[in-house]
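A.B. asks: The following block contains a protein sequence and its predicted model.
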Amino acid sequence: MTAEYKVHGSVAVITLANPPVNGLGLATRQGIVDGLGRANVDAAVSSIVITGAGGAFSGGADIKEFGTDKSLQEPNLLSVIAAIENSAKPVVAAMHTVAMGGGLELALGCHYRIAAPGCSIALPEVKLGLIPGAGGTQRLPRVIGVEAALNLIVSGEPVKSEMIGAVPGQKLFDKMAASAEALAADALAFAQSVADVRPLPLVRNLPCKHPEGDAYFQFARNMVKGMAKNYPAPAKCVDAVEAATKRKFADGMLFEREVFINLMWTPESRALRHLFMAERAASKIPDVPSDTPKREIKSVAVIGAGTMGGGISMNFLNAGIPVKILETKQEALDRGIATIKKNYEAQVKKGKLKEDKYAQRMALLSTTLDYADLKDADLVIEAVFEELGVKESVFKQLDAVMKPGAILASNTSTLDVDKIAAFTKRPEDVVGMHFFSPANVMKLLEVVRGAKTSKDVLATVMAIGKKIKKTSVVSGVCDGFIGNRMIEQYSRQAGFLLDEGCTPQQVDKAVEKFGFAMGPFRMGDLAGNDIGWAIRKRRAVERADMKYSRTADKLCELGRFGQKTGAGWYDYQAGKRDAIPSELVNKMIEEHRKELGITPRKISDEEIVQRLVFALVNEGAHILEDGIASKSGDIDMVYLTGYGFPIYRGGPMHYASEVGLFNVVQAMDRFAKNPNDDAAFWKPAPLLAKLAAEGKAFA
């Protein structure tokens with residue numbers, strides 16, 4: 001049973017017991033209704049308490065039921081709340097730890113509410129592209145006021161119960177428990193005290209008005225439009241709360257339900273729900289059970305105090321884990337530490353970090369010039385120059401000094417982790433931890449699993465990724481892993497588009513309008529165009545058949561490496577990051593076209609977006625076939641958290657499924673006929689061709 005029933009004197013207690021957050025799944029909903037029925041026919045019972053076992057009152061809908069028939073099966077949450085409201089005996093919600101989404105809506109349906117301090121109160125549905133669907137938009141404004149309720153509903157962010165409880169006139173809580181420990185006893189006493197009060201109070205009967213109604217809701221709409229232009233749900237939250245102030249309760253409920261159901265079918269909500277599920281699924285590795293023993297990580301060493309090394313170190317310092325940074329020269333160490341200090345000081349200045357926290361973090365940081373000083377670290381991460389010979393020297397030294405059982409990680413972005421592991425006598429302890437720049441800001445961590453990486457190392461690194469607040473995605477070993485292997489095809493297409501008639505700013509604008517944080521050419525200037533140049537030189541030796549536009553090499557031959565040199569695909573003014581279109585670059589591209597004998601043509605934004613995005617999709621399908629990624633959702637997580645793919649489109653693989661894989665393959669067939677493109681690349685990956693032929697999607 002996922003809802004337990006017990007009688008304490010004259011009070012029946014229904015305890016939700018569906019770990020981890022007492023999700024309101026079908027069995028739990030049935031358990032609540034059954035408990036209400038038993039309590040109402042038992043003459044010895046005069047009042048009822050609903051509470052949650054373990055670490056939550058209720059976190060709302062049961063995510064295991066998302067997208068299944070069970071989620072809508074009766075009794076649905078609306079029916080459960082109706083049963084509570086219609087109970088002949090008073091029902092008290094005893095709320096603690098977490099009361100969110102449907103859990104909060106359930107409590108709002110009860111006759112009374114008592115809360116423990118520290119309980120997180122939220123209606124987070126907007127984060128899934130939805131509005132609350134079981135009366136949240138109609139009941140919450142009645143108990144905490146229209147403006148406070150709308151702020152909570154539009155943001156989806158949690159607020160602590162004691163903050164709400166301290167507001168004069170609020171009716172969300174009838175009583176605050178003295179402490180979390182006292183909640184059970186306080187709830188029983190409160191339930192006994194209201195046992196004979198009639199009529200039973202209902203939130204639905206409370207008034208709901210705003211003194212400046214029309215003006216306030218217009219203001220709210222303008223604010224929401226500016227902040228969430230690509231998401232329909234926040235504006236619909238405003239409509240639903242307005243309906244609570246202008247319609248009868250029953251009509252407001254019908255309006256909320258209609259909006260909720262319509263939003264369920266929007267591509268934005270489907271994308272956000274996909275993201276929600278994919279993020280949780282990314283931490284699950286098919287052949288590594290969740291109970292795999294993990295190694296203890298009490299201290300970390302980082303090799304290299306450059307931009308990456310410093311950023312990586314900050315992640316661990318932020319999580320309270322001591323870090324020792326190694327460099328070959330004292331000046332390099334001093335420079336690295338100065339950058340870390342500067343980053344923290346900027347946060348202090350903005351009020352994002354308290355002085356004492358800054359001091360605590362810096363106290364966890366130490367430095368050395370000697371590998372022997374790293375011997376006791378539990379995890380060491382190498383962040384040195386991206387060249388195999390340099391990595392070899394580092395890993396041979398680490399192998400000689402690190403204690404048995406220490407994890408040896410490389411922050412390589414493209415190199416072969418198996419070759420790096422082979423430089424040691426303990427390849428099972430070697431793993432890739434590919435952070436994205438700036439490493440202290442970017443959420444993505446690609447965890448690269450070598451052929452010999454042990455399961456406990458993998459489980460440990462995934463757990464430490466969670467501790468430092470990263471979205472960790474497992475990748476197999478291949479050139480570029482998941483993200484950079486795909487971005488190479490995207491960049492190749494961007495180059496061909498220049499050859500055929502586009503300017504860098506036209507390509508960037510089209511992709512940014514689609515929703516990317518940054519187009520390929522602005523991204524190249526930010527990362528440094530010399531990085532791609534080095535990869536293409538390596539490709540010329542390893543894969544001479546791979547076709548590229550020569551424009552990027554010509555740009556690098558001019559010394560235009562991007563923002564760091566003040567000139568790349570765009571011009572930059574000192575101290576500013578604004579990308580200014582460059583006459584010189586546009587001329588260089590035109591002359592290159594003449595050399596190739598290409599007459600420029602007008603290229604639509606639609607073609608630009610399709611070629612860039614479908615290039616990611618086709619390479620993503622090859623990655624799935626090769627077993628480099630275990631599921632398409634992992635690829636989407638890489639692109640949503642590491643490459644600025646628009647969140648409301650759900651990642652490249654999800655987006656392709658939304659467009660329809662049949663349509664994707666049709667477009668690829670058209671691109672293959674373009675003489676200036678790479679026809680061989682546009683042959684659909686067998687997995688993509690198979691799914692398209694069967695009318696299926698990436699799942």
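C.D. replies: Sure, I can see it. Numbering: from 1, shown residues only.
A.B. asks: Now do the strands in the stretch 401-550 of the chain.
C.D. replies: In the stretch 401-550 of the chain, strands defined by DSSP state E, counting those that start in this stretch lie at 407-410, 430-435, 444-448, 471-475, listed in chain order.
A.B. asks: okay if I get the ones you listed as a markdown table plus mean pLDDT, mean neighbour count and distance to residue 610?
C.D. replies: Just so you know, the C-beta spots here come from the backbone N, C-alpha and C atoms, and that holds for glycine as well. Shown next, in a markdown table, are the strands of the stretch 401-550 of the chain (pLDDT from 0 to 100; neighbours: other CB atoms under 10 Å; distance: least, CB to CB, whole Å):
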| stretch | mean pLDDT | mean neighbour count | distance to residue 610 |
| --- | --- | --- | --- |
| strand 407-410 | 98 | 26 | 36 |
| strand 430-435 | 97 | 26 | 28 |
| strand 444-448 | 97 | 26 | 25 |
| strand 471-475 | 96 | 25 | 25 |
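A.B. asks: So this structure: which segments form each domain?
C.D. replies: Annotated domains of the chain cover 3-264, 300-475, 483-693 [automatic domain parsing].
A.B. asks: which residues touch residue 565?
C.D. replies: residue 559 (CB atoms under 8 Å, 6 or more residues apart in numbering).
A.B. asks: ok so, going back, now render the strands of the stretch 401-550 of the chain as JSON lines, adding distance to residue 132.
C.D. replies: Shown next, in JSON lines, are the strands of the stretch 401-550 of the chain (distance: least, CB to CB, whole Å):
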{"stretch": "strand 407-410", "distance to residue 132": "43"}
{"stretch": "strand 430-435", "distance to residue 132": "37"}
{"stretch": "strand 444-448", "distance to residue 132": "31"}
{"stretch": "strand 471-475", "distance to residue 132": "26"}
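A.B. asks: before we move on, back to that, any chance of the domains of the chain in TSV, plus distance to residue 278?
C.D. replies: Supplementary listing: the domains of the chain in TSV, determined by distance: least, CB to CB, whole Å:
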stretch	distance to residue 278
domain 3-264	12
domain 300-475	9
domain 483-693	3
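A.B. asks: Tell me which of the ones you listed lies nearest to residue 286.
C.D. replies: Nearest to residue 286, of all the domains of the chain, is domain 483-693, at 5.6 Å by CB to CB.
A.B. asks: Start and end of the closest one, how far apart?
C.D. replies: Terminal residues of domain 483-693 lie 27 Å apart, using CA to CA, to the nearest Å.
A.B. asks: tell me how far it is from the chain's mean position?
C.D. replies: 24 Å (CA atoms, centre = their mean, to the nearest Å).
A.B. asks: Quick one: mean pLDDT for that domain?
C.D. replies: Throughout domain 483-693, pLDDT has a mean value of 94.
A.B. asks: Residue 87 contacts residue 38, doesn't it?
C.D. replies: No: Residue 87 lies out of contact with residue 38 (CB atoms under 8 Å); the separation is 11.4 Å.
A.B. asks: Among those two, which residue is more densely surrounded?
C.D. replies: Using other CB atoms under 10 Å, the more surrounded residue of residue 87 and residue 38 is residue 87, with 19 against 15.
A.B. asks: In a strand, the more buried one, correct?
C.D. replies: No: with DSSP: H, G, I helix; E, B strand; the rest coil as the criterion, residue 87 is located in coil rather than a strand.
A.B. asks: From residue 114, how far out is it?
C.D. replies: Here residue 87 is placed at a distance of 17 Å from residue 114 (CB to CB, to the nearest Å).
A.B. asks: repeat for residue 555
C.D. replies: For residue 555, the distance to residue 114 - CB to CB - is 67 Å.
A.B. asks: Same check on residue 268?
C.D. replies: On the measure of CB to CB, residue 268 and residue 114 end up 37 Å apart.
A.B. asks: and what of residue 97?
C.D. replies: The value you get for residue 97 to residue 114, if CB to CB is used, is 14 Å.
A.B. asks: And these two? Which one has more around it.
C.D. replies: Counted by other CB under 10 Å, residue 97 and residue 114 do not tie: residue 114 has more neighbours, with 26 against 20.
A.B. asks: Need the nearest residue in space to residue 647, chain neighbours excluded.
C.D. replies: Closest residue to residue 647 in three dimensions, ignoring its sequence neighbours and counting by CB to CB, 6 or more residues apart in numbering: residue 640, at 5.7 Å.
A.B. asks: Between strand 471-475 and the host helix or strand of the one you found, find me the angle.
C.D. replies: According to DSSP states H and E, residue 640 maps onto helix 632-642. Taking axes from the mean of the first three to the mean of the last three CA atoms, to 10 degrees, one finds helix 632-642 and strand 471-475 inclined to each other by 130 degrees.
A.B. asks: which of the residues in helix 632-642 are buried?
C.D. replies: 632, 633, 634, 635, 636, 637, 638, 639, 640, 641, 642 (16 or more other CB atoms under 10 Å).
A.B. asks: From these, pick the one nearest residue 243.
C.D. replies: Nearest to residue 243 among the buried residues of helix 632-642, with distances taken as CB to CB, is residue 640, at 32.9 Å.
A.B. asks: Helices of the stretch 451-600 of the chain, residue ranges please.
C.D. replies: Along the stretch 451-600 of the chain, the stretches classed as helices by DSSP state H, counting those that start in this stretch are 455-467, 483-500, 504-514, 520-527, 529-542, 551-557, 583-596.
A.B. asks: What are the buried residues along the shortest one?
C.D. replies: Of all the residues in helix 551-557, those buried under the rule 16+ other CB under 10 Å are 551, 552, 553, 555, 556.
A.B. asks: Using TSV, please lay out those residues together with distance to residue 535.
C.D. replies: What follows is the buried residues of helix 551-557, written out as TSV (distance: CB to CB, whole Å):
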residue	distance to residue 535
551	15
552	10
553	11
555	14
556	11
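A.B. asks: Most widely separated two among those?
C.D. replies: Longest span within the buried residues of helix 551-557, CB to CB: 551 and 556, 10.0 Å.
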